[in-house]
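Participant: here is my input; please provide its structure:
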Amino acid sequence: MKKRKVPLRKDIVTGEMHPKKDLVRVVKNKQDEVSVDPTGKKPGRGAYISLDVEVAKRAQKEKTFDKAFGIKVAPDFYDELVAYVDHQQARKELFGDDA
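Facilitator: Have a look, this model is predicted:
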C-alpha cells in the first residue's frame with residue numbers, strides 16, 4: 001500500500017514544522033473576527049499553533065496573533081485559546097492520537 005504524505009504546517013509561535021493534526025488553526029475572517037478553527041475549514045486567513053499549553057501561553061504573552069493578522073486581538077481570545085489547547089492536550093493524553 002502506498003504511504004500517504006503527511007501535510008506539515010509551521011507553528012507561528014515556535015517556527016517549527018509539525019504534522020497538521022498536531023496543530024490547531026486560528027482564523028481571521030473578513031470582518032476581522034479571530035476564532036479557533038477546530039475543523040480547519042473556516043474561510044479566512046489561517047495561522048497554526050501547537051497543541052501545547054506552554055506555546056499557547058507564550059502566544060498570549062507575546063501577542064503573536066496581533067502580529068500575524070495585523071489587528072488588535074481581544075485578550076479574552078487568548079484565554080479561550082489557552083483553555084481550548086489545554087482541553088485538547090488532555091484529550092490526547094487520555095485517548096491517545098485517535099481522539
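
Participant: low-confidence ranges in the protein?
Facilitator: 97-99 (pLDDT under 70).

Participant: so which elements touch the longest helix along it?
Facilitator: The longest helix of the chain (DSSP state H) is helix 75-95. Contact here means 3 or more Cβ pairs under 8 Å, 6 or more residues apart in numbering; DSSP states H and E; on that basis helix 75-95 packs against strand 23-28, strand 34-37, strand 45-50, helix 53-62. Glycine gets a C-beta too; all of them are placed from N, C-alpha and C.

Participant: 6 Å instead, please
Facilitator: On a contact count with 3 or more Cβ pairs under 6 Å, 6 or more residues apart in numbering; DSSP states H and E, helix 75-95 meets helix 53-62.

Participant: and the helix it packs on, what does it pack onto?
Facilitator: helix 75-95.

Participant: give me the buried positions along the helix it packs on.
Facilitator: The neighbour-count criterion (16 or more other Cβ atoms under 10 Å) identifies 77-78, 81-82, 84-85, 88-89 as the buried residues of helix 75-95.

Participant: from those residues, pick the one nearest Glu62.
Facilitator: For the buried residues of helix 75-95, the minimum distance to Glu62 (Cβ to Cβ) is 10.2 Å, reached by Tyr78.

Participant: would you agree that closest one is in contact with Gln60?
Facilitator: Yes: taking contacts as Cβ atoms under 6 Å, Tyr78 lies within contact range of Gln60: 3.8 Å.
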